[in-house]
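Peer 1: Need the 3D shape of this:
(one chain, ligands or ions: 1)
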Amino acid sequence: MRINSSNETPLQNTQEINTSKATQSSESLHQDVMRDTAIRESLKNPTSLLDHKARLSGQFERSKSDFEAKKLRQLVDEALPTTPNAAAGGAVVTTTDVTRSAAFSRLSSSQRSLINKTLSDNRNNSQLAAQFKEMIESPVFSRLSSTEKGYSLNGLAKNIGALSADILQFTQTNSYKDFNRMQKQQGQLIIGLLSADAAQNPSHNPMSRNTVLALTTGNVELGLPSKVELKREGFTDADLQGLYGFAYENTMYFNVYRPGLLDSREDMVRTAAHEINHVLNDRTNDTEYDTPERALDEYRAWYVENFAVGINPPSVDYMQGVWENFFSPNAGYDNIREVYVKDPAFRKIIDQIKTDLDNGKVTDPEAFRKSLASLIGKDPFIKNPTYLTTPGNLDNTLTTSPRRAE
Ligand SMILES: [Zn+2]
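Peer 2: Next up, the predicted model:
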């Protein structure tokens, strides 16, 4: 869950956080990847990008080491923004290539206008025409209803830089298929936003890209609950002012009623990365809200969401805000605060984290996890020791096979 107590400030003003630190050197990774000739050659084949992705994802799922997995993931990422045409050394796709295509002539007049206007407003973006062409010529697109085609085109038009492949792949998930019309429209805008962010910001990856893939592959389902459903979950009106999203079992939910959330790309990216991190870390006993495991699960999610906006490690100020939001008397998470109050062994670790923060040192989630693991057998508040002995998923890498609809 991503929530602030309503009167809290440090976490709301995330724009002030220094974004200059890149997460890793993508340059060295890139060079390692390019030594892999066989895969490089396969990327030159001008087959559909969705096929590339499916094939490479398959290799990725089977690969044993994390490093191999990262290399393959990087390849997928590099393959996607490039059109088959450009990858084969052909000419850049122009506006005319789109508007004179047979697929364009089959669109409704409002859909044609949307594409024309978007291309005209973004003349200097050489990738946009290719993305539109790829979308309207895709077999997946051709099977959508006219209304849904509009949603997908809108997802691309409203999020310049988004990848057609992400938006269309999302239409194949159970989440999308179960959505009503309004949710489908909103879902396509959200996927477009996340896709554009990952494609345009190398420093946000692999976290930002992994977060999109979790949703477009259906590994994590997307929930867009109505206000009635949120109330049924027990959230009050006051909660809905502070709540960004939450995770339950295999689904991440956005609170689209939080004022301004849908208009803030940073909050959307952070929230998606945060909630998907909860799902991928698979803390099985969701009902145990007052445990050290829950505190770790939240701490890690708040920490690693920074990676999705290019910050690693998070600043001392930011983590001071997280600490206050968890353990101070006006905490946004009252259950976590409760463990702190009643569990002296846990409190000792938490107080040390605070002392370290006051001295300018940030505790990373794995160090926190290991400290908590040292309490196993001694601390009756620990309900799920395995959770504390399992290394955390820190970058939203997918570890299970994609779940697909059909
Ligand atoms: Zn959370």
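
Peer 1: Could you measure from Gly187 over to Asn159?
Peer 2: Separation of Gly187 from Asn159 (C-beta to C-beta, to the nearest Å) stands at 13 Å. Quick note: C-beta positions are derived from backbone N, CA and C, even for glycine.

Peer 1: Which neighbouring elements make contact with the lengthiest helix in the chain?
Peer 2: Longest helix of the chain, by residue count under DSSP state H: helix 181-200. Using 3 or more C-beta pairs under 8 Å, 6 or more residues apart in numbering; DSSP states H and E as the contact criterion, the elements in contact with helix 181-200 are helix 146-157, helix 164-170, helix 174-178, helix 207-216, strand 221-223, helix 265-281.

Peer 1: and stretch 155-163, what's its mean pLDDT?
Peer 2: For stretch 155-163, the mean pLDDT works out to 97.

Peer 1: And it, what's buried?
Peer 2: 155-157, 159-163 (16 or more other C-beta atoms under 10 Å).

Peer 1: What is the distance between stretch 260-270 and the centre of its chain?
Peer 2: The chain centre lies 12 Å from the centre of stretch 260-270; the measure is C-alpha atoms, centre = their mean, to the nearest Å.

Peer 1: Report the mean confidence score over it.
Peer 2: Rounded mean pLDDT across stretch 260-270 is 96.

Peer 1: and Leu107, how many neighbours does it have?
Peer 2: 19 (other C-beta atoms under 10 Å).

Peer 1: Likewise for Asn359?
Peer 2: Asn359 is flanked by 8 other residues according to other C-beta under 10 Å.

Peer 1: ok, back up a step: name the residues of the longest helix of the chain that are buried.
Peer 2: For helix 181-200, burial by neighbour count (16+ other C-beta under 10 Å) applies to 183-199.

Peer 1: Alongside the ion, which residues does the stretch 201-350 of the chain contribute?
Peer 2: By C-beta under 5 Å from the ion, the residues of the stretch 201-350 of the chain that approach the ion are 298, 301.

Peer 1: By mean pLDDT, which helix or strand of this structure comes out lowest?
Peer 2: In the chain, no helix or strand scores lower on mean pLDDT, DSSP states H and E than helix 26-34, which sits at a mean of 24.

Peer 1: Nearest to the ion: which residue in the stretch 1-150 of the chain?
Peer 2: Nearest residue of the stretch 1-150 of the chain to the ion, counting by C-beta to the ion: Met1, 4.2 Å away.

Peer 1: wait, that residue sits on Asp297?
Peer 2: No. Under the criterion of C-beta atoms under 8 Å, Met1 makes no contact with Asp297, lying 9.6 Å away.

Peer 1: Got phi/psi on Pro313?
Peer 2: Backbone torsions for Pro313, taken as degrees, to the nearest 10, come to phi -80, psi 170.

Peer 1: how many neighbours does it have?
Peer 2: The number of residues packed near Pro313 is 16, by other C-beta under 10 Å.

Peer 1: didn't it look like it was pressed against Asp364?
Peer 2: Yes. Counting by C-beta under 8 Å, Asp364 is a contact partner of Pro313 at 6.6 Å.

Peer 1: anything in contact with each of those two?
Peer 2: Listed as contacting both Pro313 and Asp364 by C-beta atoms under 8 Å, 6 or more residues apart in numbering are Tyr303.

Peer 1: how deep is the residue of the stretch 151-300 of the chain found nearest the ion tucked in, by neighbour count?
Peer 2: Shortest the stretch 151-300 of the chain-to-the ion distance, computed as C-beta to the ion: residue-wise this is Glu298, at 4.8 Å. For Glu298, the count of nearby residues is 24 (other C-beta under 10 Å).

Peer 1: Mind telling me what element it is part of?
Peer 2: Per DSSP states H and E: Glu298 is located in helix 292-304.

Peer 1: Quick one: distance of that helix to the chain centre.
Peer 2: Remark: helix 292-304 is offset 17 Å from the chain centroid, using C-alpha atoms, centre = their mean.

Peer 1: which residues do Met1 and Asp297 both contact?
Peer 2: Joint contacts of Met1 and Asp297 (C-beta under 8 Å, 6+ apart) are His278.

Peer 1: With distance to the ion added, can I get the buried residues of stretch 155-163 in JSON lines?
Peer 2: Putting the buried residues of stretch 155-163 into JSON lines (distance: C-beta to the ion, whole Å) gives the following:
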{"residue": "Gly155", "distance to the ion": "26"}
{"residue": "Leu156", "distance to the ion": "30"}
{"residue": "Ala157", "distance to the ion": "32"}
{"residue": "Asn159", "distance to the ion": "25"}
{"residue": "Ile160", "distance to the ion": "30"}
{"residue": "Gly161", "distance to the ion": "27"}
{"residue": "Ala162", "distance to the ion": "26"}
{"residue": "Leu163", "distance to the ion": "27"}
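
Peer 1: Perfect, that will be all.
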